[in-house]
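**Q** give me a 3D structure for the following:
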Amino acid sequence: MSKLHMKQMNRMKTLIKSLAFASLATLSVTAFGQDNETPTQRDNEIQTVFRTPTGRASGGYGALTNKFTRIGGDFANLAGVYGGWYVNHKFLLGVSAAAATNNIPVPNQYSVDPLRNMSYEYAQFGLVTEYVLGSNKPVHLAFNLFSGAGFTVQYERHNWEHNDFDHHDNNDENWFFVAEPGVQVEVNLFKWMRFSPGVSYRAAFGSDAAGLSDSDLSNISYNATLKFGRF
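**A** A predicted model of the protein is given here:
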């Protein structure tokens with residue numbers, strides 16, 4: 001892999017770490033902010049499954065999510081994090097990052113080196129918004145939209161314990177745009193934690209990777225998400 005490509009990959013990893021840190025920082029700031037409630041806000045208190053109601057005009061939260069989908073016809077597990085500012089019990093504006101954790105084998109006809117065990121890496125990062133209906137109810141709906149950049153690369157992978165992503169040439173670097181709308185059923189477990197299973201559709205635009213067209217990268221995702229913060 002050229003030094004230029006290695007620098008690009010390092011910048012990509014730094015950006016993903018920065019996005020995750022930013023979402024956690026946002027959560028920390030809002031969690032320790034002052035709580036100035038009006039009578040109207042108290043009338044709209046959040047109802048939870050296990051605790052008594054509480055209400056706030058705005059806050060923030062971070063989320064850990066895991067998606068199950070298919071990329072290039074093969075199963076892909078995407079682990080992700082997102083979070084941001086949550087306004088008036090309804091609207092989230094934040095950042096998101098996710099990446100594949102399992103082996104997605106490259107077919108020999110598309111491999112940059114058929115003699116090695118090449119795998120596709122997939123990742124995406126960008127902006128995320130959520131609009132929540134009836135946030136104060138124990139069970140309600142949340143609609144979300146991710147929009148940002150996606151990338152794929154071929155790399156040599158041995159197994160989970162010994163992954164050569166950082167130590168060997170990474171090839172066929174590919175960047176494209178991703179839009180992913182979705183919907184979740186959100187359950188208020190506690191005033192500070194929610195469980196949100198859902199479904200989304202990932203649409204890719206502009207991919208030119210060997211063996212991964214836009215249609216190969218676009219697919220339905222099923223996810224399970226835990227959210228922590230001030231709702």
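
**Q** give me the longest strand you can find in the chain.
**A** strand 171-190 (DSSP state E).

**Q** for that one, packing partners?
**A** Counting contacts by 3 or more C-beta pairs under 8 Å, 6 or more residues apart in numbering; DSSP states H and E, strand 171-190 packs against helix 3-31, strand 118-133, strand 139-156, strand 193-205, strand 219-230. To be clear about C-beta, it is placed using only N, CA and C from the backbone, and glycine gets the same treatment.

**Q** would you mark the buried spots in the last one?
**A** Judged by neighbour count using 16 or more other C-beta atoms under 10 Å, the buried positions of strand 219-230 are 219, 221, 223, 225, 227-230.

**Q** what's the farthest-apart pair in the residues you listed?
**A** 219 and 230 (33.7 Å; C-beta to C-beta).

**Q** distance from the chain centre to the longest strand of the chain, please.
**A** On the basis of C-alpha atoms, centre = their mean, to the nearest Å, strand 171-190 is displaced by 5 Å from the centre of the chain it belongs to.

**Q** go on, stretch 131-149?
**A** Worked out by C-alpha atoms, centre = their mean, stretch 131-149 lies 14 Å from the chain centre.

**Q** show the end-to-end separation of it, please.
**A** Using C-alpha to C-alpha, to the nearest Å, the end-to-end distance of stretch 131-149 comes out at 22 Å.

**Q** try stretch 69-79
**A** For stretch 69-79, the end-to-end distance is 11 Å (C-alpha to C-alpha).

**Q** how about residue 215, phi and psi?
**A** With angles defined as degrees, to the nearest 10, residue 215 sits at phi -70, psi -30.

**Q** list the contacts of the strand or helix carrying residue 82.
**A** Following DSSP states H and E, one finds residue 82 within strand 74-87. Residues outside strand 74-87 that contact it (C-beta atoms under 8 Å, 6 or more residues apart in numbering) are 19-20, 23-24, 26-27, 30, 58-70, 92-102, 104-105, 122, 128, 146, 221, 229-231.

**Q** list the residues that contact the closest residue to residue 206 other than its chain neighbours.
**A** In space, and not counting its chain neighbours, residue 206 is closest to residue 176: 4.2 Å by C-beta to C-beta, 6 or more residues apart in numbering. By C-beta under 8 Å, 6+ apart, residue 176 lies in contact with 149-151, 204-208, 214, 217.

**Q** what about residue 176, distance to residue 214?
**A** In this view, residue 176 and residue 214 are 7 Å apart by C-beta to C-beta, to the nearest Å.

**Q** strands paired with the strand holding residue 82, and their directions?
**A** Applying DSSP bridges, strand 74-87 is found paired with strand 58-71 (antiparallel), strand 91-100 (antiparallel).
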